[in-house]
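J.: kindly return the folded structure for what I paste below:
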Amino acid sequence: MNTPINLEDGPRKNFKLEDLKKPTKLGWMVIIFFSISANCFHQFMNIATDLFTIRFGFSMTQAKNSVAMIRFMSVFFIPLLSLVVTKIGRKGYFMILASLIAIINPLMLSLIPKSESYLVYFGVVGICLYWAVQVCSVWPSMGISLP
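T.: Alright, predicted model coming up:
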């Protein structure tokens with residue numbers, strides 16, 4: 001299906017699939033990294049309430065509030081970390097840092113004793129930091145990685 005598009009200073013042109021820019025190797029790596037890690041994050045968010053109630057003995061209200069804290073804290077962490085990432089640069093290093101946080105955090109949660117503990121909240125903050133670092137490093141890299 002060809003949809004006509006208007007160019008600013010030229011005649012109408014029909015849009016073709018070839019008009020899309022093709023991602024570079026770096027672009028594909030960023031896309032794959034973000035797809036896999038974002039899917040893991042969202043799947044964790046789907047099971048987090050059950051994990052906190054069954055494994056750590058939280059009440060349903062405590063578990064829901066703990067999971068909601070992850071999104072709530074992200075609202076504050078993402079702008080602050082965006083300033084840091086923009087100031088320092090090196091988005092690839094921040095992606096690696098996000099990956100390390102993503103690996104260490106579930107291991108930490110699995111090693112915490114199976115009872116209600118304040119250590120779970122370190123896991124909640126870790127998940128929030130992972131998501132904030134990932135978002136701050138991946139989204140600005142999308143535009144850079146395209147030709």
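J.: which stretches of the protein form strands?
T.: Ranges of strands in the chain, per DSSP state E, are 4-5, 13-14.
J.: mean pLDDT for those: which is lowest?
T.: Mean pLDDT per stretch puts strand 4-5 lowest among the strands of the chain, at a mean of 48.
J.: Trp139: neighbour count?
T.: 15 (other Cβ atoms under 10 Å). In short, each C-beta sits where N, CA and C put it, glycine included.
J.: what do you get for Trp131?
T.: Trp131: 25 neighbours (other Cβ under 10 Å).
J.: kindly report the same for Pro79.
T.: Neighbour tally, Pro79, other Cβ under 10 Å: 11.
J.: before we move on, what about Leu80?
T.: Neighbourhood size, Leu80 [other Cβ under 10 Å]: 11.
J.: shaky segments in the protein?
T.: Applying pLDDT under 70 to the chain picks out residues 1-23, 27, 116, 140-147.
J.: helices along that one, start to end?
T.: Taking DSSP state H as the test, the helices found in the chain are 25-54, 60-88, 91-111, 119-145.
J.: just name the most buried of those helices.
T.: helix 119-145 (a mean of 19; mean count of other Cβ atoms under 10 Å).
J.: got the angle for it vs helix 91-111?
T.: Between helix 119-145 and helix 91-111, the angle comes out at 160 degrees (axes from the mean of the first three to the mean of the last three Cα atoms, to 10 degrees).
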